[in-house]
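> Just to be clear, the model below is a prediction. Sequence and coordinates:
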Amino acid sequence: MAEKTVGKPIKRTEDPRLIQGLAHYVDDIRLPDTLHAVFLRSIYAHARIKSIDTTAAQKLPGVVAVYTGKDVAKIGPVPCAAALPDLKVPDHRALASTKVYFVGHPVAVVVAESKSAARDAVDLIEVDYQELPVALDEEKAADAKSPVIHEQFGTNVAYKLTAGEGDIEAALKSADQVIKQRILHKRLAPIAMETRGVLARYYPGEQELTLWTSTQIPHLCRTQVAIMLGMPENKLRLITPEVGGGFGSKLNVYAEEALMGWISMQLNRPVKWIEGRRENMQATIHGRGQTGYIEIGFKKDGTLTGLRYNVFADMGSYFQLLTPAIPTLTGLMLSGCYKIPAIQINVTGVFTNKMSTDAYRGAGRPEATYVVERALDLVAAELKKDPVEVRRKNFPQPNEFPFKTATGLFYDSGNYQGALDKALKMADYTKLRQDQQTARKEGRLMGIGVSTYVEICALGPSAAMPAGGWESATVRVEPTGKVTVLTGASPHGQGEETSFAQIAADELGVGVNDVTVIHGDTAIVQYGIGTFGSRGLAVGGTAVYLAIQKLKDKAGKIAAHLLQVDASTISFAEGKFTSSAAAGKQITIQEVTLAAHVAKSLPEDMEPGLAATSFFEPKNFTFPFGTHIAVVEINKETGEIDFQRYVAVDDCGKQINPMLVEGQIHGGIVQSMGQALYEEVVYDDQGQLITGTLMDYALPKAIMIPHLELGSTETPSPVNPLGAKGVGEAGTIGATPAIVSAIVDALAPYGVRHLDMPLKPEVLWQIINKKSAGAA
Amino acid sequence: MIPASFDYIAAKSLDEAISLLATHKDDAKILAGGHSLLPAMKLRLMQPKVLIDLGRIKELSYIKEEAGQLRIGAMTTHFQVETSDLLRRVCPLLPETATQLGDMQVRNKGTIGGSVAHSDPAADWPAAILALDAEIVATSARGDRVIKATSFFVEMLTTALEPGEILREIRIPGGKGKSGQAYVKVRHPASGFAVVGVAVNLAADGGKCQSAGVGITGVSPKAYRAANVESGLKGNALDAKTLSAAAAHAADGVDINSDLYASAEYRKQLATVYTRRALEIAASRLK
């Protein structure tokens, strides 16, 4: 009998192959006769293509084909799955034809016998561009006087949307005070460690296409690419081999995926494209990108009356899969973990001459949490109250769940006080505030930031999702007793091969190593949705759990038959079926499995075999929450930030593997620190990408990260039988406001109440320097 | 990220490398670790037709004392400098600089000669080389030529090396009496290069500063010696007030770089603060 592992921090079973370099990413898959594709991308942010001459490129030895926009016109548009009223959807083709809209916009693709020949040929393509004026800033681009990107629309405004409940005007009027604040969420680059990559192989005899691609959504991608190529979906096999991270950037369907398939079909040879890092910075989706205006109304005692958020959301020039939908998630989460009677969001989605924005870890929710948490800090500062007190004042009580918000959600379960109390205790908050008083007397700039957050996870009920929000699993017990799990989820670093195996092993009384989890091959795995939105475990893991219940039900009937007892007397524990009717009579799952397969003696009318499939449809989202506390000291001479403490208490419901939870929290906090302190995709006033390499775009490194003190509380979700909520995005949601709050708090003696990210040392030094100079 | 095509030749001796360079002239680049050259080639910013690799020339990799000088072969890796017992004993500034340079991979493959010859305006070595009053030995078919570090760094990515010359050795003059050294830097959060890097080499006698070498990198289009800082120290007692007053001249008379991370105004402030810190550490090591 195997030891139970659910709830234990067992090591990831996928790690040995990753650490030893034995894993297979797209570029590791080598097929004979493979051709290599390299793109020519626009060097201008906005230009008309007057002519393209590919003659010299085509003549270069080794070059097999050069394609431009007109050659690939038969490939259908790159899909956008978001449906919003009066949404203006540009015709997004695989290659540019008459105009280019952003630096990195693909203009032509060269296919050659070698990567280097393809790359050399790219330099020989001559494009005659007529440069056009650019629209870059989402707020200015919405103005009627701005240059227009998509002429057919006559405007850069892609859509306007208002959401929320309650009478916002009355709510703000009833407030004792209203604070307004402009707030920026800069563009960020997701930067998965593995860039995108596609290998396509067409089998002309079978008329089948196999596509290896680095994606988070193998089945949805297959459906969409098949539509783009006009081929039967079941003639397209899509395989995601090892995927080296996504952070939302691979929750998408890209032009390059369809193009490689199309090229392989034209040339009857395999063709591979591996994205370079510079291409990745230019032409893989970016995240965030909002300019917003907060209005928060409150009573003198700190009670919130209403929140309005008017936001210009930067779409980029085209829509990718979910581009216009991301700000709607911001709107959904604007209540944070507080009772706010009236909430309104007014979104203006704006086209700009930049790469598309889309889902980046948190996808719209970090923006919401940041808005609400900054607003709460502003209220606390105005009322001269401790920010913790203002938060506590507006929390719903644990017995008020499910809690309805003015954004139309029902939070499943929560105990915000519990997580806050635990974090305050871990940080010794009272002492920290005393230390801060001392520091200020000594002229040192110490700051404490507290963020209490709630996020929306386990996306989600199908009614709220563009392409279904369920997840699938098939669980088979093989004749030898080994267990195979086929999941529609698509792990790409989360460790679901381990956590799903833990669930299956415990439920079936076998060892974790007896379970193999298979994912990401549409020819093997039943249709599924994928991994994003902190849904893998809560939705995908639940499907595994439910499939096993079905399987055990059948196995129990076989066991009863073999033990010659009534099925109602059978119970299952620790890998054995036992009958309450016949003392000492038991039979192992392995024996039952063998019997199910050899099929010599089965109950009447029962089918042989032992496998079950579940398509789990969640009834609601889940709402994980927590408290993050950052403590910093800022050097007055340089503005440099020293992290003194970082405490996080997260509640993601039941934890299947606490080590995976911790890893997700660590990673999320680190990405938050990146956003808060370093990261910003910068385009210059001509739309040139200034932060085009990792020499310019600062990702946090291990040496830049302080020790993270983690704790957790466990409030199970009632939404699924595992009680799990999801944790993939928590760190990026809870941490950013805590860090910014700490730095703003440190600079409070200079009258600072808000600063926009990234908080570079120079920004802080300028404040300190100017104020000091002014005082002197 | 695919370079233009090029020929690769691994020279077996310094003489062969010199002769290859004489043959291929401007078409050739010397490969001495490649941690700056190869990225530039992958971006096609540089497209040499021939790479002459010095990597297999054992005679260019050494750290030794000779004729009252420290002599370091051009192909000595950053890691070898970082871990040299000799240097830790007699010239700890060099290991301290190496420790803060790049990352493990860069330190394992990159070389001191390659970095100095490349003359990146934000590289770490030039600061130390200047502070130590080093000499650079260039060699060619015409023989050796010794160049003072102060005249070696001409401008961004340009040195006093002439066509056909290969940087062969770096020479550090032997110290006179007790020295106090330090290297401090502000790492760029993305590249790890120096936003500001300050190397200090102090000698004192009877509580007074006998000599001061202050090399600063990252601040200006080329690394420089901060002459006004040095003159503020020489002959004076190295107390906090003197160090602070001298450090205020860290960016005197130079064009100051400005980029997304640090404006010229802020960089000047960093240069002042980090120069003071480097002086304080170096002075404390004199005791």
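Cool, the structure landed.
> domain assignment for the chain?
Since no chain was named, I'll use chain A. What automatic domain parsing lists as the domains of chain A is A:31-132+A:191-283, A:410-457+A:622-775, A:470-616.
> try again with chain B
B:7-53, B:58-173, B:179-284.
> To chain A, which of these lies closest?
Distance to chain A, taken as Cβ to the nearest Cβ, is lowest for domain B:179-284 among the domains of chain B, at 3.7 Å. Using the backbone N, CA and C atoms, a C-beta is placed for each residue, glycine as well.
> and the closest one, how far out from the chain's middle?
Computed by Cα atoms, centre = their mean, to the nearest Å, the chain-centroid distance of domain B:179-284 equals 15 Å.
> same question, stretch B:10-17
Distance, stretch centre to chain centre, for stretch B:10-17: 24 Å (Cα atoms, centre = their mean).
> start to end distance for it?
End-to-end distance for stretch B:10-17, by Cα to Cα, to the nearest Å: 8 Å.
> tell me the mean pLDDT for that stretch?
The average pLDDT within stretch B:10-17 is 97.
> Pull out the buried residues from it.
Using 16 or more other Cβ atoms under 10 Å in any protein chain shown as the burial criterion, the residues of stretch B:10-17 that qualify are B:Ala11, B:Leu14, B:Ala17.
> nearest residue to the last one other than its sequence neighbours?
So the one you mean is B:Ala17. B:Ala11 (3.7 Å; Cβ to Cβ, 6 or more residues apart in numbering or on different chains).
> show me the contacts for that neighbour.
Residues near B:Ala11 by Cβ atoms under 8 Å, 6 or more residues apart in numbering or on different chains: B:Ala17, B:Leu20, B:Ile52, B:Asp53, B:Leu54, B:Arg56, B:Ile57.
> in the chain, which ranges drop under the pLDDT threshold?
Answering for chain A, as no chain was given. Confidence mapping of chain A against pLDDT under 70 gives the ranges A:1, A:772-776.
> I was thinking of chain B, sorry if that wasn't clear
The model of chain B has pLDDT under 70 over residues B:176-177.
> hey, where'd the helices end up in it?
For chain B, the helices defined by DSSP state H occupy B:14-24, B:37-42, B:78-82, B:85-90, B:93-99, B:104-109, B:112-118, B:125-131, B:149-152, B:227-233, B:240-247, B:264-284.
> Show me what the second one is packed up against.
Same thing as helix B:37-42. For helix B:37-42, there is no helix or strand it packs on, judged by 3 or more Cβ pairs under 8 Å, 6 or more residues apart in numbering or on different chains; DSSP states H and E.
> chain center to that helix: distance?
Centroid displacement of helix B:37-42 relative to its chain, using Cα atoms, centre = their mean, is 20 Å.
> buried residues in it?
For helix B:37-42, the neighbour count (16+ other Cβ under 10 Å) marks B:Leu37, B:Ala40, B:Met41 as buried.
> Other residues contacting it?
Contact with helix B:37-42 is made by B:1-4, B:6, B:29, B:31, B:46-48, B:51, B:114, B:118, as judged by Cβ under 8 Å, 6+ apart.
> pretty sure A:Glu367 contacts A:Thr330?
Yes: the pair A:Glu367 / A:Thr330 is scored as a contact, 4.5 Å apart, by Cβ atoms under 8 Å.
> what do these two both touch?
Residues touching both A:Glu367 and A:Thr330 (Cβ under 8 Å, 6+ apart) are A:Gln290.
> ok, the residue nearest to A:Lys74 when sequence neighbours are not counted to A:Leu209 distance?
Distance criterion Cβ to Cβ, 6+ apart; nearest residue to A:Lys74, sequence neighbours excluded, is A:Gly230 at 7.4 Å. Note on A:Gly230: its distance to A:Leu209, by Cβ to Cβ, to the nearest Å, is 12 Å.
> out of these two, which sits in the more crowded spot?
Taking other Cβ atoms under 10 Å in any protein chain shown, A:Gly230 and A:Leu209 do not tie; A:Leu209 has more neighbours (24 against 10).
> Would you agree the more buried one is in contact with A:Gly261?
Yes: between A:Leu209 and A:Gly261 there is a contact at 5.2 Å, judged by Cβ under 8 Å.
> Sort out which residues of stretch A:529-548 are buried, please.
Within stretch A:529-548, the residues scored as buried using 16+ other Cβ under 10 Å are A:529-548.
> Just the ones of the residues you listed in helices?
Those of the buried residues of stretch A:529-548 lying in helices (DSSP H): A:Thr542, A:Ala543, A:Val544, A:Tyr545, A:Leu546, A:Ala547, A:Ile548.
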